[in-house]
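[1] Let's see this in three dimensions:
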Amino acid sequence: MSRIGKHPVALPKGVTVTLHEGNGITVKGPRGELTRKLPSAMLVSQDAEQVVVTRPSDEAAHKALHGLTRTLVANMVEGVTKGFSKQLELVGVGYKAEVRPYGLQLALGFSHPIEYKAPAGIKLTAPQPTQIVIEGANKEVVGQVAAELRSLRPPEPYKGKGIKYVGEQIRRKAGKAGGK
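    Modelled structure (predicted):
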């Protein structure tokens with residue numbers, strides 16, 4: 001049995017779950033509302049203060065979907081209660097981020113500033129010009145926005161310049177050995 005899938009998802013106070021036809025689920029909480037279609041093979045039921053995911057058989061595919069489905073529901077519940085956030089760091093001379101009404105304006109060493117438009121439900125902040133904080137209720141969208149911002153100027157291995165996650169270790173390479 002899936003070790004993750006067999007645990008029920010506890011529902012904190014203020015969170016309501018609605019199950020739809022065709023394995024759709026809507027979770028409402030203080031930080032917003034998330035809707036998702038779950039794999040059709042899984043059986044999702046709601047008890048008093050918890051959501052339980054069960055699988056129809058012990059096939060390998062059903063075992064894999066069991067843990068996945070439970071984790072998706074748990075992430076939705078956590079997202080509407082606490083939310084998710086990622087932090088990015090800009091390393092490089094002149095690299096900076098400024099908050100705009102549409103999202104961010106980034107100076108990354110190119111000849112022009114880069115404008116990044118935030119998707120719905122995502123809050124972008126720059127507490128310092130060299131830091132970006134991404135916050136939202138949907139874990140997938142927060143991670144995707146962080147990956148898209150990082151891909152604008154990924155860290156390079158020689159000087160370490162670029163956009164990196166806070167705490168990320170950049171493997172550095174030695175430069176040229178020099179001529180004779």
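[2] Could you give me the buried positions within stretch 165-176?
    Ile170 (16 or more other C-beta atoms under 10 Å). Glycine gets a C-beta too; all of them are placed from N, C-alpha and C.
[3] tell me the mean pLDDT over it?
    Averaged across stretch 165-176, pLDDT comes to 91.
[4] Shouldn't Ala64 be within a strand?
    No: under DSSP: H, G, I helix; E, B strand; the rest coil, Ala64 sits outside any strand and is assigned helix.
[5] Distance-wise, check it relative to Pro39.
    According to C-beta to C-beta, to the nearest Å, Ala64 and Pro39 sit 10 Å apart.
[6] Look at those two and report which has more neighbours.
    Shown here are Ala64 and Pro39; by other C-beta atoms under 10 Å, Pro39 has more neighbours (17 against 14).
[7] List the residues that contact the more buried one.
    Shown in contact with Pro39 (C-beta atoms under 8 Å, 6 or more residues apart in numbering): 23, 65, 68-69.
[8] which one of these has the most neighbours?
    Thr69 (25 neighbours).
[9] what about the residue nearest to Lys123 when sequence neighbours are not counted, how many neighbours?
    Closest residue in space to Lys123, ignoring its immediate chain neighbours: Glu135 at 4.6 Å, by C-beta to C-beta, 6 or more residues apart in numbering. The local packing of Glu135 (other C-beta under 10 Å) involves 17 other residues.
[10] Mind listing the residues bridging to Glu135?
    Beta-bridge partners for Glu135, by DSSP bridges, are Ser85, Lys123.
[11] My read is that Val141 contacts Ala118, right?
    No: with contact defined as C-beta atoms under 8 Å, Val141 does not count as touching Ala118 (9.8 Å).
[12] before we move on, the earlier item: dump the residue contacts of the residue nearest to Lys123.
    Glu135 neighbours (C-beta under 8 Å, 6+ apart): 83-85, 122-123, 125, 142.
[13] I'd like to know how far it sits from Ala126.
    Distance, Glu135 to Ala126, by C-beta to C-beta: 12 Å.
[14] do Gly162 as well
    16 Å.
[15] can you check Gln144 too?
    From Gln144 to Ala126 the distance is 19 Å (C-beta to C-beta).
[16] just Ala177 next, same as before
    Ala177 is 39 Å from Ala126, by C-beta to C-beta.
[17] higher neighbour count, the two?
    Legend: neighbour count by other C-beta under 10 Å for Ala177 and Ala126, higher for Ala126 (18 against 6).
[18] For the more buried one, report the pLDDT, please.
    pLDDT, read off for Ala126, is 95.
[19] picking up where we left off before, ok, of the contacts of Glu135, which come out buried?
    By 16+ other C-beta under 10 Å, the contacts of Glu135 give 83-84, 122, 142 as buried.
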